[in-house]
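1. any chance you can model this:
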Amino acid sequence: MCSNKNLAKKVVDKMMGGDAFSQWLGIEVLEISEGYCKLQMTVREEMTNGFKIAHGGIAYSLADSCLAFAANSDGVQSVSVETSISYTKKAVSGDMLTATAKEIRKSEKTGFYHITITTQNNIEIAHFKGTVYRTGKEWFPNN
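-> Numbers count the residues shown, from 1 in each chain. The predicted structure is shown next:
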């Protein structure tokens, strides 16, 4: 039987292995444990918009990946059903973004998570909320 932290890492390794978009973003998993995830990526020039700031979809996508990893970290396949984001500051090319997901509440069928995104200077640039549906299907049923 895997420990909770080992199971979380095993699930996220499997998810990341098949997640071409998170790989394209350059996401690095810094920490993972049950109900918690910390990711990091650097904003590249091709991720900026006409204002020369990071496209909103970049922070959103980082947070969405962080949600997915945190929500699945207990070994139960979970999918998002509702998400929202509030941007508080801009990010620019070269900024290193860190997303941190914390589980707020989890039941048999749903989970609610809050994700904060900061820059390398610890400036909060966005807050993301996500609700997931817990399918009941295990990632590794024979563990």
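
2. just the helices in the protein please.
-> According to DSSP state H, the chain carries its helices in the segments 4-17, 20-25, 56-72.

3. export the ones you listed to CSV and tack on distance to residue 86 and mean neighbour count?
-> In this view, the C-beta of every residue, glycine as well, is placed from N, C-alpha and C. Formatted as CSV, the entries for the helices of the chain read as follows, by distance: least, Cβ to Cβ, whole Å; neighbours: other Cβ atoms under 10 Å:
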stretch, distance to residue 86, mean neighbour count
helix 4-17, 26, 17
helix 20-25, 20, 14
helix 56-72, 10, 23
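
4. ok, now which ones touch the residue nearest the centre of the chain?
-> Note on the chain: the residue nearest the mean C-alpha position is residue 66, at 0.7 Å, using Cα atoms, centre = their mean. Contacts for residue 66 were tallied using Cβ atoms under 8 Å, 6 or more residues apart in numbering; they are 37, 38, 39, 99, 100, 101, 115, 128.

5. just to revisit the earlier point, in JSON lines, list the helices of the chain along with mean pLDDT and distance to residue 141.
-> Formatted as JSON lines, the helices of the chain follow (pLDDT from 0 to 100; distance: least, Cβ to Cβ, whole Å):
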{"stretch": "helix 4-17", "mean pLDDT": "95", "distance to residue 141": "12"}
{"stretch": "helix 20-25", "mean pLDDT": "97", "distance to residue 141": "24"}
{"stretch": "helix 56-72", "mean pLDDT": "98", "distance to residue 141": "14"}
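
6. turn those into CSV, including distance to residue 122.
-> Compiled in CSV, these are given as follows (distance: least, Cβ to Cβ, whole Å):
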stretch, distance to residue 122
helix 4-17, 24
helix 20-25, 21
helix 56-72, 15
